[in-house]
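Enquirer: show me the folded form of this:
(one chain, ligands or ions: 1)
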Amino acid sequence: MEITAKYQQTKAGGRAGCLLCPHKCQLDDGQSGICRVRINMDGELISIAYANPCSISVDPMEKKPLYHFLPGTDILSLAIEGCNLRCLNCQNWTISQNIPDREERYTLMPEEVIEEAIRIKSKSIAFTYSEPTVYFEYMLDTFRIARSTGIHTVMVSNGFIEREPLLELCNWLDAANIDLKCFDDALCKKLTGGSMKPVLKSLGVLRDRGIWLEIANLIIPGWSDDLQTIKRMCEWLFDNGFSSTPIHFSRFFPNYKLADTASTPEKTMYEAKNMALKCGLKYVYLGNIHTPDSGNTSCPVCGTCLIRRDGYIVRSDIGSNGICPSCNEKIPGVWK
Ligand code: SF4
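Expert: Purely as a prediction, here's the structure:
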């Protein structure tokens, strides 16, 4: 479905500018943006990603990954094709690097997404898998209705969005997982096609607006596995008020344009975790790796294990108030 895009600027000579993400595409008539979602049609910017999801499923919350947000619950998860980055390692490239289907696949209006969540008794909905900020209008309209019904709203994003639209989204957003892809800006541009600086700004906006936030960082050999760079990232997070923000280091497996790159050695994963803890980050998790405690949530004060995770099987001993029963430390998160 096509709708008028928000955050656009009409220009002389039928050009249209998009102000949604830091690419700030300037488009001639008929041209689409880097995301393939927003198109200049007769001098007006149109989004072709509205109410035409290519993927709908029910996931465990831990798959987002969100570990301090309603752990052990299910979340209705949707995506439309499109992304404003070009990550060489993208595991969902078949949808992220595709054009939203303009043929009528089926239509799922925002109110119907919420009806479906209610029908399946899902307490939350997520836009995920591709890059949801590029189908901003659909996400925003769906989240508005979700809020009025008490359903929680989640975005899994690369955080590559301008401040103003992100602020608007924050009015209706409960939680986000932001993928901080690489803390070396030159490498980040080569790996993803975008700078990391706007992503750091987005983290600050989400922090300041009180959105529940967790951070993902994929450790790719030769790209994002340098321990000194990981140290700088963790120090930046600590210095900028993210010491209690859960960080998920994820193990890379060969994929897409990095099919010839080796998997991340397990040793590197543990080194990253130890470095993050040493830098003062309190909640550090390892993903895509099966070890007995890499996904457990422990109290950072007394060490009591509060949530045990074995894959997506979750056993929680944390109360709805998030208080550690052993030492009364308040564990940040949304627990009920
Ligand atoms: S959202 Fe799409 S069209 Fe808009 S600036 Fe970003 S890549 Fe370009």
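Enquirer: from now on I want contacts and neighbour counts done on CA atoms only, so please keep to that.
Expert: OK.
Enquirer: surely P292 meets R308?
Expert: No - contact criterion Cα atoms under 8 Å: P292 and R308 do not qualify, at 9.1 Å.
Enquirer: those two: who's more crowded?
Expert: R308 (19 against 11; other Cα atoms under 10 Å).
Enquirer: residue contacts, the more buried one?
Expert: With contact set as Cα atoms under 8 Å, 6 or more residues apart in numbering, R308 has these partners: D293, G295, N296, T297, V314, R315, S316.
Enquirer: again with R315
Expert: G72, I307, R308, R309.
Enquirer: and stretch 28-46, which residues are buried?
Expert: Of all the residues in stretch 28-46, those buried under the rule 16 or more other Cα atoms under 10 Å are 28-29, 31-41, 43-46.
Enquirer: how many neighbouring residues does the closest residue to T229 other than its chain neighbours have?
Expert: Using Cα to Cα, 6 or more residues apart in numbering and skipping the chain neighbours, the partner closest in space to T229 is F183 (6.3 Å). Close neighbours of F183, defined as other Cα under 10 Å, add up to 23.
Enquirer: re earlier: min pLDDT across the contacts of R308, which one?
Expert: Note: of the contacts of R308, the lowest pLDDT belongs to D293, at 85.
Enquirer: which residues of the stretch 151-300 of the chain fall in helices?
Expert: For the stretch 151-300 of the chain, helices defined by DSSP state H, counting those that start in this stretch occupy the ranges 163-170, 185-192, 197-208, 227-239, 266-278.
Enquirer: can I get these in JSON lines including mean neighbour count and distance to K63?
Expert: Rendered in JSON lines, the data for the helices of the stretch 151-300 of the chain read as follows (neighbours: other Cα atoms under 10 Å; distance: least, Cα to Cα, whole Å):
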{"stretch": "helix 163-170", "mean neighbour count": "17", "distance to K63": "22"}
{"stretch": "helix 185-192", "mean neighbour count": "17", "distance to K63": "22"}
{"stretch": "helix 197-208", "mean neighbour count": "18", "distance to K63": "20"}
{"stretch": "helix 227-239", "mean neighbour count": "17", "distance to K63": "23"}
{"stretch": "helix 266-278", "mean neighbour count": "17", "distance to K63": "19"}
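Enquirer: tell me who's in contact with T142.
Expert: P110, E111, V113, I114.
Enquirer: for this structure, what lies in contact range of the ligand?
Expert: For the chain, the residues in contact with the ligand (Cα under 6 Å from any ligand atom) are 18-21, 23-25, 33-35, 38, 84, 134.
Enquirer: mind telling me which residue of the stretch 201-336 of the chain is nearest the ligand?
Expert: Going by Cα to the nearest ligand atom, the ligand is nearest to S202 of the stretch 201-336 of the chain, at 14.6 Å.
Enquirer: bridging residues for T4?
Expert: I46 (DSSP bridges).
Enquirer: per-residue confidence for it?
Expert: Note for T4: predicted pLDDT of 97.
Enquirer: correct me, but it touches G43?
Expert: No - T4 is beyond contact range of G43, at 11.3 Å (criterion: Cα under 8 Å).
Enquirer: so H248 makes contact with C234?
Expert: No - assessed by Cα under 8 Å, H248 is found out of contact with C234, at 11.9 Å.
Enquirer: and the contacts of stretch 116-133?
Expert: With contact meaning Cα under 8 Å, 6+ apart, stretch 116-133 is reached by 64, 73-84, 92-93, 95-96, 139, 150-158, 161.
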